[in-house]
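Trainee: Sequence first, predicted coordinates after that:
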Amino acid sequence: MRQTLDSLDEPTLSPLLESGKRPHFLTIASVMTPANVRALRLSLGTTAAIAVSYGAAWPMYFLTSLFTAMFLAMPIPWMGWKTASKIIGRLMTGLFFGLIISEFVLPYPLFCIPLYALLFFYIFFNDATAPPLATIFMTMGVTMVPIIGLQGIMASHFIVGYLFLNMTLGFVFTWLSHLIVPDSLAVVDPNAPARKRPPPPPIPSREERGRLALVSTIVATSAVVIFFSFNLAQYALAMIYICMMAGTPNTNASVKVMKANSTACLIGGVAVVVAYNLLVVVPRFEFLILLVLCFSLFFSRKITSGKPTAAAWSSGFTTFLVLLGSSTGSEGSASSDFYLRIAQVLFAGLFCIVGLIVAEHLINRRQYRVARRSQKREKAQP
């Protein structure tokens with residue numbers, strides 16, 4: 001295709017363009033842009049993961065499509081199995097520590113809470129040098145295993161095995177999606193200026209990394225204290241979302257971030273309300289797959305648009321998948337239970353946002369006081 005476009009000269013194209021007829025290959029080139037290829041891969045890969053996992057319905061099956069969507073939404077080529085194995089290894093490390101906490105440390109809160117704070121700080125501080133999304137998965141492993149373990153020690157082993165299974169299958173679907181819909185399908189306009197790949201974001205200084213890690217540690221540890229104190233194992237869905245938000249790299253509490261995350265929760269909530277009510281009318285598996293494909297195409301187009309709101313649409317898509325999976329996984333789920341799940345996600349988002357703002361305010365206030373004291377000491381010296 002690229003050779004065909006390069007070989008056509010202006011005299012060959014001029015009669016076609018003047019006649020108002022658009023050559024077929026030019027129509028294909030205008031459609032198969034890199035952004036559209038990414039959107040197609042994201043929507044088809046997520047739909048395929050949902051079709052297989054929802055059809056088989058193994059425990060916690062909805063996490064397979066969630067992991068697949070998170071991996072495919074990243075604007076990078078297939079990371080390779082070497083990087084994927086590193087991410088899986090980070091999850092297994094988090095699951096291992098979560099299992100240790102659940103079996104040996106959980107009955108001793110005076111030791112458990114400081115241990116959690118140290119683990120969270122270590123995870124968040126090393127986020128800048130970790131593989132993509134590794135921080136989220138390590139945080140999820142450390143927190144979800146003990147929370148589910150509140151229902152019984154065997155539940156901890158249960159969640160360890162199926163979290164590992166769902167993440168591994170998420171990588172498999174991501175790999176297959178890149179094979180079936182590769183980046184080479186995209187047709188690049190030869191007359192368009194060459195797009196330079198954006199440089200990787202700079203790694204923050206140790207001081208900035210420490211500050212961000214401390215903010216996220218305060219939020220995550222506070223959530224763990226609340227869940228363990230009130231035995232909120234039945235609200236584990238909210239904790240999953242808190243892990244996803246608190247583990248976001250370089251998250252600063254600001255009005256802009258608050259607006260983006262609130263928009264994401266609203267987008268995902270509205271979308272899943274529409275999907276849920278349509279499924280109530282037509283409760284068929286084939287209709288579920290078709291519905292998911294339509295929503296995936298809509299979200300994927302927004303995610304790959306390159307606009308500033310793309311991140312909010314990506315978070316909204318994950319919210320949609322979490323709520324859809326947790327709702328379809330409950331037999332005989334009433335509408336009240338469904339809207340209660342939406343309330344859990346909204347509460348988790350609000351908790352993280354408010355927690356980030358309060359934590360940063362306290363840290364910045366302390367740093368301001370320390371700086372003022374240093375200035376006064378310097379002035380007092382002769």
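Mentor: That came through, no problem.

Trainee: number of nearby residues for the nearest residue in space to G55 that is not next to it in sequence?
Mentor: Here the nearest residue to G55 in space, its sequence neighbours aside, is F285; by CB to CB, 6 or more residues apart in numbering that works out to 7.0 Å. In short, each C-beta sits where N, CA and C put it, glycine included. Using other CB atoms under 10 Å, F285 is surrounded by 11 other residues.

Trainee: In contact with the residue nearest to the spatial centre of the chain, which residues are there?
Mentor: Nearest residue to the geometric centre of the chain (CA atoms, centre = their mean): M70, 5.0 Å. Contact analysis of M70 by CB atoms under 8 Å, 6 or more residues apart in numbering lists L133, G170, T318.

Trainee: in the helix or strand hosting the last one, what counts as buried?
Mentor: So the one you mean is T318. Element membership for T318 (DSSP states H and E) is helix 310-328. Buried positions in helix 310-328, judged by neighbour count with 16 or more other CB atoms under 10 Å: 311-328.

Trainee: helices and strands around it, which ones?
Mentor: Contacts defined by 3 or more CB pairs under 8 Å, 6 or more residues apart in numbering; DSSP states H and E place helix 310-328 against helix 34-56, helix 62-72, helix 236-246, helix 255-281, helix 285-303, helix 335-380.

Trainee: Next up, phi/psi of the closest residue to A35 other than its chain neighbours, please.
Mentor: Leaving aside its sequence neighbours, A35 sits nearest to T304 (CB to CB, 6+ apart; 4.4 Å). Backbone torsions for T304, taken as degrees, to the nearest 10, come to phi -90, psi 10.

Trainee: can I assume G316 is in contact with V272?
Mentor: No - using CB atoms under 8 Å, G316 is not in contact with V272; the gap is 9.6 Å.

Trainee: re the thing from before, counting neighbours, what do you get for the residue nearest to A35?
Mentor: The tally of other residues near T304 (other CB under 10 Å) stands at 24.

Trainee: now F97
Mentor: Neighbours of F97 (other CB under 10 Å): 20.

Trainee: can you pull the contacts of it?
Mentor: F97 touches L119, G141, V142, counting by CB under 8 Å, 6+ apart.

Trainee: How about the first one: what's its closest non-neighbour residue?
Mentor: For L119, ignoring the flanking residues on the chain, the nearest one in space by CB to CB, 6+ apart is V142 at 5.7 Å.

Trainee: Pretty sure that neighbour sits against I100.
Mentor: No - taking contacts as CB under 8 Å, V142 lies outside contact range of I100: 9.8 Å.

Trainee: Tell me which of these two has more neighbours.
Mentor: Legend: neighbour count by other CB under 10 Å for V142 and I100, higher for V142 (26 against 15).

Trainee: Could you pull up the contacting residues of the more buried one?
Mentor: G94, F97, G98, I101, Y116, L119, F120, I123.

Trainee: at 10 Å what do you get?
Mentor: Contacts for V142 (CB atoms under 10 Å, 6 or more residues apart in numbering) come out as 93-101, 115-116, 119-120, 123, 220, 224, 243.

Trainee: Can you give me the separation between it and V219?
Mentor: 14 Å (CB to CB, to the nearest Å).

Trainee: any idea how far stretch 58-66 is from the chain center?
Mentor: Stretch 58-66 sits 14 Å away from the centroid of its parent chain (CA atoms, centre = their mean, to the nearest Å).

Trainee: Pull out the buried residues from it.
Mentor: Buried residues in stretch 58-66, defined by neighbour count with 16+ other CB under 10 Å: M60, Y61, F62, L63, T64, S65, L66.

Trainee: Can you say which two of those are spatially most distant?
Mentor: Maximum pairwise distance among the buried residues of stretch 58-66 (CB to CB): 11.2 Å, between M60 and S65.

Trainee: intersection of neighbour lists for the two?
Mentor: Here M60 and S65 have S53, N166, G325 as joint contacts, going by CB under 10 Å, 6+ apart.

Trainee: Was I right to think the last one contacts I50?
Mentor: Yes - A contact is recorded between G325 and I50 when judged using CB atoms under 10 Å, the distance being 8.2 Å.

Trainee: what sits in contact with each of these two?
Mentor: Y61, F62, T64, S65, L66.

Trainee: roughly how far apart are the closest residue to the second one other than its chain neighbours and A39?
Mentor: Put plainly, it is F62. Nearest-residue entry for F62: G325, 2.2 Å, with adjacent residues in sequence omitted and distances by CB to CB, 6+ apart. Remark: distance between G325 and A39 (CB to CB) = 21 Å.

Trainee: pLDDT below threshold where in this structure?
Mentor: 1-31, 128, 188-202, 247-262, 265, 329-338, 366-382 (pLDDT under 70).

Trainee: give me that answer again for 50
Mentor: The model of the chain has pLDDT under 50 over residues 1-29, 249-255, 332-334.

Trainee: quick revisit: ok, of the shared contacts of G325 and I50, which one's closest to A233?
Mentor: Comparing these against A233 with CB to CB places F62 closest, at 17.9 Å.

Trainee: Hmm, the closest one is touching N166, no?
Mentor: Yes - the pair F62 / N166 is scored as a contact, 8.4 Å apart, by CB under 10 Å.

Trainee: Between the two, which contacts overlap?
Mentor: Here F62 and N166 have A49, S53 as joint contacts, going by CB under 10 Å, 6+ apart.

Trainee: Check the burial of G80 by counting its neighbours.
Mentor: Per other CB under 10 Å, the neighbour tally for G80 reads 10.

Trainee: What backbone torsions are found at it?
Mentor: For G80, the backbone dihedrals (degrees, to the nearest 10) come out as phi 90, psi 150.

Trainee: how far away is L185 from T263?
Mentor: 31 Å.

Trainee: Kindly report the same for P308.
Mentor: P308 is 11 Å from T263, by CB to CB.

Trainee: Let me see the ranges of the strands in the stretch 51-200 of the chain.
Mentor: Assigned by DSSP state E, counting those that start in this stretch, the stretch 51-200 of the chain shows no strands.
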